[in-house]
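Engineer: A structural model of the following input is requested.
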Amino acid sequence: MQSENISFKGAFGDELSARLDRPDGNEIKGWVLFAHGFSIGKDLKPIRTISKALVEEGYGMLRFDFTGLGQSGGNFSDTNFSSNVADILAAAKYLRENEMPPCILIGHSFGGTASLKVADEIPECKAVATIGAPCDTTHIVHQFADQIEEIEEEGEAKVLLGGRPFIIKEQFLDDIENHDIAMEIGDLPQALLIFHSPQDAVVGIENAAHIYTKAKHPKSFVSLDGADHLLLRNKKDADYVGRVLAAWSSRYISD
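Structural biologist: Numbering: from 1, shown residues only. I've put the predicted structure just below:
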């Protein structure tokens, strides 16, 4: 596998850190764009494992850090769902101008919700996959529900996400109220694959059911039985996701 660090400008003009993974010496079947979950980053081990599995099956992968996270520039407190969507579009633009347009879009958790929102704005994309994704933008507030009042009264608050402190501003709350993801799912033009664990304690399995019900065919669901939300508990879970994705995607990019 060949890997290359690259960067491109995101929603606010900041340099976003990204990594290109590609097969070594093989023709690339197509490019995959990966959007990570809320407050995480592109270098989480399961994301690297999924990328490796796809690359071994002949795909190229672009994974990047959203504005203000990981090695990307910018201030996380200024970001919101809309800026995440803009960052994904910027990543797709980079691939379009420097490699080939992404034919597959994958999003984990909140990145999956953003992928459902943005998919119809990437015309070259043939298929979308979500992993443990919420069915709406407001689901995210449960992670800091006890501080909502402080955010609304003070304009911002320091919250703990995954054990790390982040500033959440009132503009973030305002933004997530302005998106109708159910409508986006219903209008999704691409094939859809939903991965979700029945034991997911962060984003309940009912979210997968809601997404599946709203989406039109072709749509598929894969149960990640026993997996945790981040796919960290068992390293085989992420590899399984990557292998299934590669096989499923081939049906939609063969033409």
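
Engineer: going forward, measure contacts and count neighbours with C-alpha atoms only.
Structural biologist: Noted.

Engineer: any weak-confidence spans in the chain?
Structural biologist: Within the chain, the stretches with pLDDT under 70 are 26, 254-255.

Engineer: run through the helices of the stretch 1-150 of the chain in chain order.
Structural biologist: 45-56, 81-98, 110-118, 148-154 (DSSP state H, counting those that start in this stretch).

Engineer: other SSEs contacting the last one?
Structural biologist: To tie it back to what came earlier, the one meant is helix 148-154. For helix 148-154, the elements it packs on are strand 156-161, judged by 3 or more CA pairs under 8 Å, 6 or more residues apart in numbering; DSSP states H and E.

Engineer: in its sheet, what does the strand it packs on sit against?
Structural biologist: Strand 156-161 has the following sheet partners, assigned by DSSP bridges: strand 164-169 (antiparallel).

Engineer: report the buried residues of the partner strand.
Structural biologist: By 16 or more other CA atoms under 10 Å, the buried positions in strand 164-169 come out as 168, 169.

Engineer: same thing with stretch 210-230?
Structural biologist: 211, 212, 214, 215, 216, 219, 221, 224, 227, 228, 229, 230.

Engineer: these in strands, which ones?
Structural biologist: Judged by DSSP state E, the subset of the buried residues of stretch 210-230 located in strands is 219, 221.

Engineer: which one of the buried residues of stretch 210-230 sits closest to residue 30?
Structural biologist: Compare each of the buried residues of stretch 210-230 with residue 30 using CA to CA and the shortest gap goes to residue 219, at 20.3 Å.

Engineer: residue 145: how many residues sit nearby?
Structural biologist: 11 (other CA atoms under 10 Å).

Engineer: again but with residue 98, I slipped
Structural biologist: 9.

Engineer: before we move on, what about residue 154?
Structural biologist: Residue 154: 11 neighbours (other CA under 10 Å).

Engineer: give me every residue that touches the closest residue in space to residue 242 that isn't next to it in sequence.
Structural biologist: Distances taken as CA to CA, 6 or more residues apart in numbering place residue 50 nearest to residue 242, at 4.5 Å, with adjacent residues excluded. The contact partners of residue 50, by CA atoms under 8 Å, 6 or more residues apart in numbering, come to 238, 239, 241, 242, 243.

Engineer: the residue nearest to residue 3 when sequence neighbours are not counted and residue 58, how far apart?
Structural biologist: Closest residue to residue 3 apart from its sequence neighbours, by CA to CA, 6+ apart: residue 21 at 4.5 Å. Distance, residue 21 to residue 58, by CA to CA, to the nearest Å: 11 Å.
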